[in-house]
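>>> how would this look folded up:
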Amino acid sequence: MSTYDAVYRRSIDDPEGFWAEAAADIDWDVAPATVLRDGRWFPDGRLNTCHNAVDRHVLAGHGDRTALIHDSPVTGSVRAYTYAELLDEVARTAGMLRGLGVGAGDTMVIYMPMVPEAVIAMLACARLGAVHSVVFGGFAAAELAVRIDHARPVVVMSASCGIEPSRIVAYKPLLDAALEQAGHRPAHCVILQRPQQPASLVEGRDLDWADALRGAQPAGCVSVAATDPLYVLYTSGTTGAPKGVVRDNGGHAVALHWSMGNVYGVAPGEVFWAASDVGWVVGHSYIVYGPLLKGCTTVLYEGKPVGTPDPGAFWRVAAMHDVRVMFTAPTAIRAIKKEDPSGDFTKKWDLSGLRYLFLAGERLDPDTYHWAAGLLGVPVIDHWWQTETGWPVAAGCAGLGLPTVKPGSPTKSVPGYDVRVLDPAGEECPPGVEGAITIRLPLPPGTLPTLYRDDARFAASYLSRYPGHYLTGDGGYIDEDGYLFVMGRIDDVINVAGHRLSTGQMEEVIAAHPDVAECAVIGVADELKGELPVGFVVLKAGADRDPADVEREVVALVRERVGPVAAFRRAVVVGRLPKTRSGKILRGTMRDIAAGRPYRTPSTIEDPAVLGEISDAL
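Below you'll find the model as predicted:
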């Protein structure tokens, strides 16, 4: 039996004993006497996540070890923080927030670019026992307003601007517009003024970050229950309302610490780089918390895979900072491959220290896998997980002995996850037969215990369809060797460059156009981004408009209200949409047409001729 097989079997047969051992690697204020009760992990334990991520390494004599490297090609700067320096910054920032009235259980929204202060703000919240909700800076004001209203933050922390390769994105006007639209009013907004574009401040509400920090007294760590929330991260659902995924303190710390060594194969003091954004779950788990909990050096990269300045940007960072394990999305590798198909830019850098490249965010197609593996000469490891799970569900576990790779599969279930594939009746599918991918309860530590302020929606969304199982929302199959193959979503959430976006939300925006009668948005395959949204628009009767004008206006509308992250660039005016007799739009059939796949005309369709019209429009 391999190391992986033995560890996995124990995690399923004796989950309480398995995770009790893993919990011994975390510092507890009150060690848990109970491991699992009613689906909650370590319910009687108390700890502080910031202490485990920062303070304890300094106390152990590792204060001079580099904790965080901020590499910013868009500003031409690189800055490193030791664990001792990071502790000082976090403690003073926590003291500043405490002075603004932030305490344990309060919420804060963080709307920032990829700067060290974003990481510091997250850790400062954790230090106080406050709950942070990071909103990706690419979201538009309307999206930010919805999250502010739902999270009800005491304080919002933001920056004057974000910096893209070809432009500066003014964050402060977006925040101001969001606060005008939102019903909730935070007591204060703390604004990091960046020299590239300082922002004007609203008197009485806004504070300059540097001024507010000046003279702040360091705050200590506040002990919280293991089951208390550490953060809320919003993810798109199939309705317009965002889902606030809750992450608790205790299970999260235990699971992420365990995953760093066992899944990613990285040791304390080594450099780990997740090329993502702190606005996404990868940024939370593997830019901020996971590496710091393990005592690693983490890289915070403010740049792009290409264009900052060239397709060798990632390889420059990996070589310059001696990265041992790298994690990014297949989209990024496809972008590099598109610009540098022969891999010439890779040859400019010494990558001999790189051990593994992990990829996740959308399906890793075999072509991209083979290209990356051949280029780098190191194991390229596909793995699969979700915002909800917080850490990998299926992976080739580098710390447990890498198995044989099957391109197109994220390998096997990670210890702790009992993954099943079920048919509509709830029966397990035979090997190779597609069904709904589920996880048998209990979910392991670190996964979501509920949705923020919505226990009923949590149960309805994830637990109701298959009793005793968590519904992932993805479909796929397990082959005869136990390898999982994830084939795509079973709902109407699409995956654009690793970002899960609701097509229903985009449809709501398009429907607001005065000349639009009805619409449908589907995801179509894209070589670079995995999927791209395409909108089909039916004009109102009597709308005397040039279809090209409406298409441009609809694209602009989605960009304004959902944000550039949606990558919504194509809308098509059509005469009608394919529907069943009951009025349901046949999105699945439309996806097949758009992808050029053979399709079966549904027996319930109202008028089969409309399918030809859709095909002609594309």
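>>> where do the strands sit along the stretch 401-550 of the chain?
Taking DSSP state E, counting those that start in this stretch, the strands of the stretch 401-550 of the chain run over residues 412-413, 419-422, 435-440, 469-478, 484-489, 493-496, 499-502, 516-526, 530-539.
>>> the inter-axis angle of the last one versus strand 516-526?
Pointing back at strand 530-539 there. Per axes from the mean of the first three to the mean of the last three Cα atoms, to 10 degrees, the angle that strand 530-539 makes with strand 516-526 is 160 degrees.
>>> Going forward, count from 284.
Happy to do that; since the first residue is 284 now, the last one works out to strand 813-822.
>>> Please name the residues that touch Arg362.
352-353, 399 (Cβ atoms under 8 Å, 6 or more residues apart in numbering). Just so you know, the C-beta spots here come from the backbone N, C-alpha and C atoms, and that holds for glycine as well.
>>> and it, what helix or strand is that in?
strand 360-365 (DSSP states H and E).
>>> Starting from that strand, tell me the next helix or strand along the chain.
helix 366-382.
>>> pLDDT on that next one, on average?
The average pLDDT within helix 366-382 is 98.
>>> Could I get the full set of strands for the stretch 284-433 of the chain?
For the stretch 284-433 of the chain, the strands defined by DSSP E, counting those that start in this stretch cover 319-320, 323-324, 329-330, 349-355, 360-365, 390-394, 414-417.
>>> and the strand holding Arg362 with helix 366-382, angle?
With the same axes, to 10 degrees defining the directions, strand 360-365 sits at 90 degrees from helix 366-382.
>>> Pull the distance from strand 360-365 to the chain's centre.
What separates the centre of strand 360-365 from the centre of its chain is 24 Å, taken as Cα atoms, centre = their mean, to the nearest Å.
>>> Quick check: buried residues in it?
Within strand 360-365, the residues scored as buried using 16 or more other Cβ atoms under 10 Å are 363-365.
>>> Export the residues you listed to TSV and append columns for distance to Leu637.
Formatted as TSV, the buried residues of strand 360-365 follow (distance: Cβ to Cβ, whole Å):
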residue	distance to Leu637
Ala363	19
Tyr364	23
Thr365	23
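>>> What pLDDT does the model give Ala808?
The model reports Ala808 with a pLDDT of 83.
>>> how deep is it tucked in, by neighbour count?
16 (other Cβ atoms under 10 Å).
>>> Just to check, it is in contact with Pro816?
No: Ala808 is beyond contact range of Pro816, at 11.8 Å (criterion: Cβ atoms under 8 Å).
>>> which residues does Ala387 contact?
By Cβ under 8 Å, 6+ apart, the residues touching Ala387 are 411-413, 505, 507, 511.
>>> Relative to Lys695, which of those is nearest.
Asp511 (32.8 Å; Cβ to Cβ).
>>> so how far is Leu576 from the closest residue in space to the closest one that isn't next to it in sequence?
In this structure, Asp511 finds its nearest non-sequential neighbour in Asn532, 5.6 Å apart by Cβ to Cβ, 6 or more residues apart in numbering. From Asn532 across to Leu576, the span is 12 Å (Cβ to Cβ, to the nearest Å).
>>> repeat for Leu658
According to Cβ to Cβ, Leu658 and Leu576 sit 31 Å apart.
>>> And these two? Which one has more around it.
Leu576 (26 against 20).
>>> Doesn't that one lie inside a helix?
Yes: secondary structure of Leu576 (DSSP: H, G, I helix; E, B strand; the rest coil): part of a helix.
>>> quick one, what contacts it?
Leu576 makes contact with 309, 332, 335-336, 536, 539-540, 543, according to Cβ under 8 Å, 6+ apart.
>>> can you pick the most crowded of the residues you listed?
The most crowded member of the contacts of Leu576, judged by other Cβ under 10 Å, is Ala536 (32 neighbours).
>>> check contacts around that one.
By Cβ under 8 Å, 6+ apart, the residues touching Ala536 are 309, 330, 332, 335, 572, 576.
>>> Next, the angle strand 349-355 makes with the strand holding Arg362.
Using the same axes, to 10 degrees: strand 360-365 against strand 349-355 is 170 degrees.
>>> Show me which of the buried residues of strand 360-365 is closest to Val697.
For the buried residues of strand 360-365, the closest approach to Val697 (Cβ to Cβ) belongs to Tyr364, at 30.5 Å.
>>> In three-state terms, label the residue lying closest to Arg859 once chain neighbours are set aside for me.
Of all residues not flanking Arg859 in the chain, Val893 sits nearest, at 5.4 Å (Cβ to Cβ, 6+ apart). For Val893, the assignment made with three-state DSSP gives helix.
>>> picking up where we left off before, what do Asn532 and Leu576 both touch?
Here Asn532 and Leu576 have Thr332 as joint contacts, going by Cβ under 8 Å, 6+ apart.
>>> Can I get the helix or strand bottoming out on mean pLDDT in the chain in CSV, CA atoms only?
Lowest by mean pLDDT, DSSP states H and E among the helices and strands of the chain is strand 782-785, with a mean of 74. What follows is strand 782-785 as a C-alpha-only set of coordinates in CSV (Å, rounded to 0.1, in the frame of the first residue of the first chain):
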residue,chain,number,x,y,z
HIS,A,782,-13.7,32.9,-11.8
ARG,A,783,-17.1,31.5,-11.3
LEU,A,784,-19.7,33.8,-12.6
SER,A,785,-23.5,33.5,-12.8
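>>> quick revisit: want to throw the contacts of Arg362 into CSV with neighbour count and pLDDT?
Converted to CSV, the contacts of Arg362 look like this (neighbours: other Cβ atoms under 10 Å; pLDDT from 0 to 100):
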residue, neighbour count, pLDDT
Ile352, 21, 98
His353, 21, 98
Pro399, 19, 98
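>>> and which of these is nearest Arg320?
Once Cβ to Cβ is applied, the member of the contacts of Arg362 that ends up nearest Arg320 is Pro399, at 38.3 Å.
>>> was I right about the closest one contacting Asp354?
No: taking contacts as Cβ under 8 Å, Pro399 lies outside contact range of Asp354: 10.8 Å.
>>> could you dump the strands of the stretch 284-433 of the chain to a markdown table with distance to Val704?
What follows is the strands of the stretch 284-433 of the chain, written out as a markdown table (distance: least, Cβ to Cβ, whole Å):
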| stretch | distance to Val704 |
| --- | --- |
| strand 319-320 | 25 |
| strand 323-324 | 25 |
| strand 329-330 | 36 |
| strand 349-355 | 40 |
| strand 360-365 | 44 |
| strand 390-394 | 37 |
| strand 414-417 | 33 |
